[in-house]
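Asker: Okay, sequence plus prediction incoming.
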Amino acid sequence: MKKIFLVLAALAAAATLRAQSFESQVVDSLRPFILEDAFAEVGACGVLDIKTIRPFNLEEAADLVKPCMDGVAKKYAAKTVTEAGFLSAPQSGQPGKAGLLVKTDMTAGSKAHRDLVASISRRDGRLLGHLTKVLTKDETAPSAISTLQKAIDGCMLLTVVREVRSGHDFVKIYGKCLTKDPALKITEIRPGDGLSVTLKTEADGAQVEAYNGFLTVNAGKGPVQVMVVAYGPQVYLP
């Protein structure tokens, strides 16, 4: 009788181990499909939850988000570049939208890509108040032409062509072409990082959105594109 009991116990133990092994195999097989918080356990991503009295402008948000995305990249053995840019090009008369671009070497549909996209979606598609788009290694950022191009093209300048190597150069050479045009309602224009500028306008929302995009200027050695990020009167520029 004792032997029979031991045999039954051994069979039960074996069955339990097989069941546990099967459950473990099922969990392991499903793990790649379970969405996880890409920002979890990444210390630098704590900045995503900070509260401020005034909203961050796009450049400030990009600078604050970069360390977080660097941490996410390390977590998934990937590469990321975070910058201000355009999430969509103009379509059907609608202007392009400015926001945060996270350029990665992730493959579309990979676990890292799905986790990151889902984590941003849980935050209403925004990081630090700005719409955010993740680009995989096969995607390129959309480009948009700013409606300010017409004002630049019609601006009377000296015939001497000067180099434009930065946003500072653009403001110095072309800034008055924009601020002196009353129809544009531009109250301030500042150089940004690289070939980019930030401007403040009293214009309405749709007009502000249409200012976002790239301007092409003659820079001596050929045309140069300068990125314009526009803000309406409700946004404070420090």
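Answerer: Looks like it came in fine.

Asker: Which positions within stretch 139-151 qualify as buried?
Answerer: Judged by neighbour count using 16 or more other CB atoms under 10 Å, the buried positions of stretch 139-151 are 142, 144, 145, 146, 147, 148, 151. (Glycine included, C-beta is placed from N, CA and C.)

Asker: Now do the strands in the protein.
Answerer: In the chain, the strands defined using DSSP state E lie at 80-88, 97-104, 126-127, 130-135, 186-191, 196-201, 213-218, 223-231.

Asker: a markdown table for those, including mean neighbour count, mean pLDDT and distance to residue 68?
Answerer: Below are the strands of the chain laid out as a markdown table (neighbours: other CB atoms under 10 Å; pLDDT from 0 to 100; distance: least, CB to CB, whole Å):
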| stretch | mean neighbour count | mean pLDDT | distance to residue 68 |
| --- | --- | --- | --- |
| strand 80-88 | 20 | 84 | 8 |
| strand 97-104 | 22 | 87 | 10 |
| strand 126-127 | 20 | 95 | 8 |
| strand 130-135 | 20 | 92 | 11 |
| strand 186-191 | 17 | 92 | 25 |
| strand 196-201 | 22 | 89 | 21 |
| strand 213-218 | 20 | 82 | 27 |
| strand 223-231 | 21 | 85 | 21 |
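
Asker: In JSON lines: those strands, plus distance to residue 71.
Answerer: Shown next, in JSON lines, are these (distance: least, CB to CB, whole Å):
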{"stretch": "strand 80-88", "distance to residue 71": "9"}
{"stretch": "strand 97-104", "distance to residue 71": "13"}
{"stretch": "strand 126-127", "distance to residue 71": "13"}
{"stretch": "strand 130-135", "distance to residue 71": "15"}
{"stretch": "strand 186-191", "distance to residue 71": "29"}
{"stretch": "strand 196-201", "distance to residue 71": "25"}
{"stretch": "strand 213-218", "distance to residue 71": "31"}
{"stretch": "strand 223-231", "distance to residue 71": "25"}
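
Asker: Which of those sits closest to residue 47?
Answerer: Closest approach to residue 47 among these is made by strand 126-127 (9.4 Å; CB to CB).

Asker: quick revisit: so which of the strands of the chain is nearest residue 39?
Answerer: When the strands of the chain are compared (using CB to CB), the closest one is strand 126-127, at 9.5 Å.

Asker: which residues touch that closest one?
Answerer: 48, 61, 65, 100, 120, 132 (CB atoms under 8 Å, 6 or more residues apart in numbering).

Asker: Next: stretch 128-137.
Answerer: The contact list for stretch 128-137 (CB under 8 Å, 6+ apart) reads 47-48, 55-56, 58, 60-61, 64-65, 87, 97, 99-108, 113, 116-117, 120, 125-126, 141.

Asker: Now render the contacts of strand 126-127 as TSV, adding distance to residue 169.
Answerer: Converted to TSV, these look like this (distance: CB to CB, whole Å):
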residue	distance to residue 169
48	34
61	25
65	27
100	25
120	35
132	30
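
Asker: tell me the contacts of residue 61?
Answerer: Here residue 61 is in contact with 84, 100, 127, 128, 129, 130 (criterion: CB under 8 Å, 6+ apart).

Asker: cool, residue 152 as well?
Answerer: Residue 152 sits next to 174, 177, 178, 215, 216, 217 when contact means CB under 8 Å, 6+ apart.

Asker: same thing but 6 Å
Answerer: By CB atoms under 6 Å, 6 or more residues apart in numbering, the residues touching residue 152 are 177, 215.

Asker: Quick check: it vs residue 206, distance?
Answerer: Counting by CB to CB, to the nearest Å, the separation of residue 152 from residue 206 is 20 Å.
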